[in-house]
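Below is the sequence, then the predicted model.
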Amino acid sequence: MSFEEIKRQAASEWKAMQNSPIPRILIGTATCGMAAGAETIMEALNAELAKNNIKADIIQVGCIGLCYAEPLFEVIKPGKPGVFYGDLTPELVAEIIRDWLVGDNPRPDLALGTRGEGTLKGIPKLFELPVLKPQVRIVLRNCGNIDPTNIGHYIANGGYEGFIKALKMKPQEIIDEMKKSGLRGRGGAGFPTGMKWQFCHDAPGTVKYIVCNADEGDPGAFMDRAVMEGDPHAVLEGMLIGAYAIGASEGYVYIRAEYPLAIKRLVVALKQMEECGLLGDNILGSGFNFHIKIKEGAGAFVCGEETALMASIEGNRGMPRSRPPFPAQSGLWGKPTNINNVETWANVSAILQKSASWFASYGTEKSKGTKTFSLVGKVVRTGLIEVPMGITLREIIYGIGGGIPGGKKYKATQTGGPSGGCLPTSFLDSPVDYESLAAAGSIMGSGGMVVMDETTCMVDVARYFLNFTQSESCGKCVMCRLGTKQMLDILQDIVNGKGRPGDIELLLEVGDAIKNGSLCALGGTAPNPVQTTIRYFRDEYEAHINEKRCPALACRPLISYYIIPEKCQGCGICIRACTSEAIKGGKRMVHVIDQSKCAKCGTCLDVCPAKFSAVAISSGAPVKAPAEPVPVGGKA
Amino acid sequence: MKVAPAIEGARTATPGTDKAIDSQMNEILTHFKGEKGELIPILQQVQQRFGYLPEQAMKRIAEFVHVPPSTVFGIGTFYAQFKLVPTGRNIIKVCRGTGCYVRGAPKIITELENQLGIKDGDTTPDMEYSLETVACFGSCALAPVMVVNDKVHGRMTPEKAKKAIGKKSE
């Protein structure tokens, strides 16, 4: 079958599905959906449909990004717009089937929003909601919309059109188009993609390689996973175009083993490409050959660094080497190699399909297009988002994210994972692009965005990241291997109440030395979380060191839990919940925590009924509570 | 006798005797050509089959891909996925990614350590459970997250963690 025929067939099948006389239910079954219980929802759905004798198509789709509302599904009744329902339980599924599919009530009280033509009374349009309105979906164009295991769905939505267009262009024209688009590497460093391609294209040699870096190692980031799970062909088509432009006939996807579902989706997608003649020898009769292999990582953060990644593919320990030579000259097995990140690849076909100037119309002067972020941590609407470059942090956190939960105060946003930094309140109105984030001492990174509130201790966060980089350092460079250990030891002391005057200065000094003395970006950026938190939250460091006090009441060695005598009703709930048996008291007696036994787990605080709120935390001062239980009300 | 709780996805095969390991290695190696680039995929297969890298398996692999045993051992110790000591039938992994950390992963880890009576990185003496923490599962929006065998559990609380490993709530 020619591609034209495949396309016609895909389009007619897609149309038939859209006009199907039976209802369709699109359920999100990416890893997030599964973790939230999508499997239980599917079982309930099948049972309810059978019980009510309803025939419906159930289609498993990728992540639409509204992870906070998972598990969720979209119910499309013939002739009506699709209705999204979130926070599903088997009981809610039964109600929705009964009222909307059997009956005619779309349940506006449960619906999140509608998608598609037409409106339903009392239900807003999904893409008009604050969480989605500011978003521009280029990379995530198909996520949550198509069945990722069906290449026909991808093709019917413009898939492989970019590659078809590329085949009609000269390789140099494609590279020029990439340069014109202004696309920069989405893995974090932001190197112009077109230029990278040019270097590899110009490198002498007939054997060249293409690599997709899917070793998404930053803790707190999952954009690439979502793209590979929800729209794997978008990534693979980008690789196909890149290979054609550069002149490579072999490609690798280096993906971390922690992403089993993404691996599964890629394997299925590769097989379908072969069946459609989009992969292998003489692709679509063009004379262009390209093969893709999947290489699973084995759990090493440093393998996200390109030279370490290549070493790992070759079967070695993933240790970076010095550059030059750059991979474009001498990469995998000494051959010219071009490495791009998942999200970068996913942009490529969209750019060719629509044009470089269309892509460049989004974003700022130096940062074009969109960026996906995983918005997580202390924010109401956690999820996967894609926004135009240059949007402010405030628009992301308070607009899309809906602010901080529980009425708590915003403290900082961490971008760039262990290589990035923490941005305080003063940066809320700064634009999010490569330059602004770098100026603030952080980096764009791959797109992890972790929001922190007043209960997060910034010294502890810095310690957390150093603990991570210290254990992930490959050990090759002395400064990285030993310097991160020294910094971690100092931070460990500070959060344990053993900080000494001069520690802050020492941290800064060691940090600079690590930056100067490391070959790769792991060491080159490892001190960033410490240096930015010292820059913006120095007072927290000083409180830990000088007053042995944790202002966020988070560092266990520096805090004490106690029961406020005026509030305690002597109900005994905390006594029963305490696993350390550290709470004394009887019925109608004010309970007292024995500080020598307390493990500081915080269970008592969690279980104390909100109407009493009798458990409190203090830091840096002796607790204000009696030593032994006294009768409630203070009368002996 | 204590009956192990049935958890989905528990590993059933045990490494067994040296001879058993040898015959299983023969089977694994038939899928490979003996190229250096296959070293990590082979080790991954062995890890998956046995739950760790037995010493004699590493020696076999070294011969097979024509590298010194020290190279295989070096790779085995470099990557977090590989274990050099036997692990339990049920692998419990708790995410310590940033999203999970700020949303309470340390409490989940403490609860599991208390429930199982082992520390992060250890295996129960009856070889039923191994407890690990991993860098990030990439399900941060549902933090805190834990994975029991291959099943991902989101929005964990200490109580839910207890249930996920088959311990009844009191």
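Done, it's in. Numbers count the residues shown, from 1 in each chain, chains lettered A, B, ... in the order given.

buried ones in the helix or strand hosting residue A:540?
Residue A:540 is located in helix A:528-547, with elements delineated by DSSP states H and E. Under the neighbour-count criterion of 16 or more other CB atoms under 10 Å in any protein chain shown, helix A:528-547 has A:528-534, A:536-537, A:540-545 buried. All C-beta atoms are positioned from the backbone trio N, CA, C, and that covers glycine.

wait, residue A:413 sits on residue A:422?
Yes. Applying CB atoms under 8 Å, one finds residue A:413 in contact with residue A:422, separated by 7.0 Å.

Overlap in contacts, those two.
residue A:452 (CB atoms under 8 Å, 6 or more residues apart in numbering or on different chains).

before we move on, back to that, with respect to residue A:234, which of the buried residues of helix A:528-547 is nearest?
Nearest to residue A:234 among these, counting by CB to CB, is residue A:528 at 30.9 Å.

tell me the SS of the residue nearest the centre of chain B?
Residue closest to the average C-alpha location in chain B (CA atoms, centre = their mean): residue B:91, at 5.2 Å. Per DSSP: H, G, I helix; E, B strand; the rest coil, the local secondary structure of residue B:91 is strand.

so what's the closest residue to it other than its chain neighbours bridging to?
Ranked by CB to CB, 6 or more residues apart in numbering or on different chains and with sequence neighbours excluded, the top spatial neighbour of residue B:91 is residue B:130, at 5.2 Å. Beta-bridge partners for residue B:130, by DSSP bridges, are residue B:91, residue B:123.

can I assume residue B:130 is in contact with residue B:122?
Yes. Counting by CB under 8 Å, residue B:130 touches residue B:122, with 7.2 Å between them.

now the helix or strand of chain B with the lowest mean pLDDT, how far from the centre of its chain.
When the helices and strands of chain B are compared on mean pLDDT, DSSP states H and E, helix B:98-102 comes out lowest with a mean of 87. The chain centre lies 22 Å from the centre of helix B:98-102; the measure is CA atoms, centre = their mean, to the nearest Å.

Mind giving me the packing neighbours of the helix or strand that comes right after it?
Downstream of helix B:98-102, the next assigned helix or strand under DSSP H and E is helix B:105-116. Counting by 3 or more CB pairs under 8 Å, 6 or more residues apart in numbering or on different chains; DSSP states H and E, the packing neighbours recorded for helix B:105-116 are strand B:90-95, strand B:129-134, helix B:158-164.

re the thing from before, state the distance from the residue nearest to residue B:91 to residue B:88.
4 Å (CB to CB, to the nearest Å).

Name the residues contacting each of the two.
Joint contacts of residue B:130 and residue B:88 (CB under 8 Å, 6+ apart) are B:123, B:124.

So which elements touch whichever helix or strand comes after the helix holding residue A:540?
Downstream of helix A:528-547, the first helix or strand assigned by DSSP H and E is strand A:559-563. Secondary-structure packing of strand A:559-563 (3+ CB pairs under 8 Å, 6+ apart): strand A:592-593, helix A:603-607, strand A:615-619.

These into a markdown table, with extra columns for distance to chain B and mean neighbour count?
As requested, the helices and strands packed on strand A:559-563 are arranged in a markdown table below (distance: least, CB to the nearest CB, whole Å; neighbours: other CB atoms under 10 Å in any protein chain shown):
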| stretch | distance to chain B | mean neighbour count |
| --- | --- | --- |
| strand A:592-593 | 18 | 22 |
| helix A:603-607 | 8 | 18 |
| strand A:615-619 | 15 | 19 |
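
Worst mean pLDDT among these?
Lowest mean pLDDT within the helices and strands packed on strand A:559-563: helix A:603-607, at a mean of 90.

contacts for it?
So helix A:603-607 is in contact with A:561, A:563, A:573-574, A:577-579, A:583, A:593, A:615-617, B:158, going by CB under 8 Å, 6+ apart.

For residue A:305, state which of those is nearest.
Closest to residue A:305, out of all of these and judged by CB to CB, is residue B:158, at 36.4 Å.

Count the neighbours of the nearest residue to that closest one once chain neighbours are set aside for me.
In space, and not counting its chain neighbours, residue B:158 is closest to residue B:111: 3.7 Å by CB to CB, 6+ apart. Other residues lying near residue B:111 total 23 when counted by other CB atoms under 10 Å in any protein chain shown.

measure residue B:111 to residue B:146 for me?
10 Å.

Okay, now the unreliable bits of the chain?
The chain I'm using is chain A. For chain A, the stretches with pLDDT under 70 are A:634-636.

ah, no, chain B please
Using pLDDT under 70, chain B drops low at B:1-6, B:12-16, B:168-170.

Now do the strands in it.
Ranges of strands in chain B, per DSSP state E, are B:90-95, B:129-134, B:146-148, B:151-153.

Reformat the ones you listed into JSON lines and put distance to residue A:602 next to each item.
Shown next, in JSON lines, are the strands of chain B (distance: least, CB to CB, whole Å):
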{"stretch": "strand B:90-95", "distance to residue A:602": "17"}
{"stretch": "strand B:129-134", "distance to residue A:602": "19"}
{"stretch": "strand B:146-148", "distance to residue A:602": "19"}
{"stretch": "strand B:151-153", "distance to residue A:602": "21"}
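
Ok, which of those strands comes nearest residue A:519?
strand B:129-134 (25.9 Å).

now that closest one: how far from the chain's centre is it?
Worked out by CA atoms, centre = their mean, strand B:129-134 lies 7 Å from the chain centre.

for stretch B:87-105, same thing?
For stretch B:87-105, the distance to the chain centre is 12 Å (CA atoms, centre = their mean).

List the contacts of residue A:296.
A:255, A:256, A:257, A:263, B:40, B:41, B:44.

who's in contact with residue A:249?
Contacts of residue A:249 by CB under 8 Å, 6+ apart are A:207, A:208, A:243, A:289, A:290, A:291.

swap that for residue A:418, sorry
Taking CB under 8 Å, 6+ apart as the test, what residue A:418 contacts is A:218, A:219, A:301, A:465, A:468, A:469, A:472, A:525, A:526, A:529.
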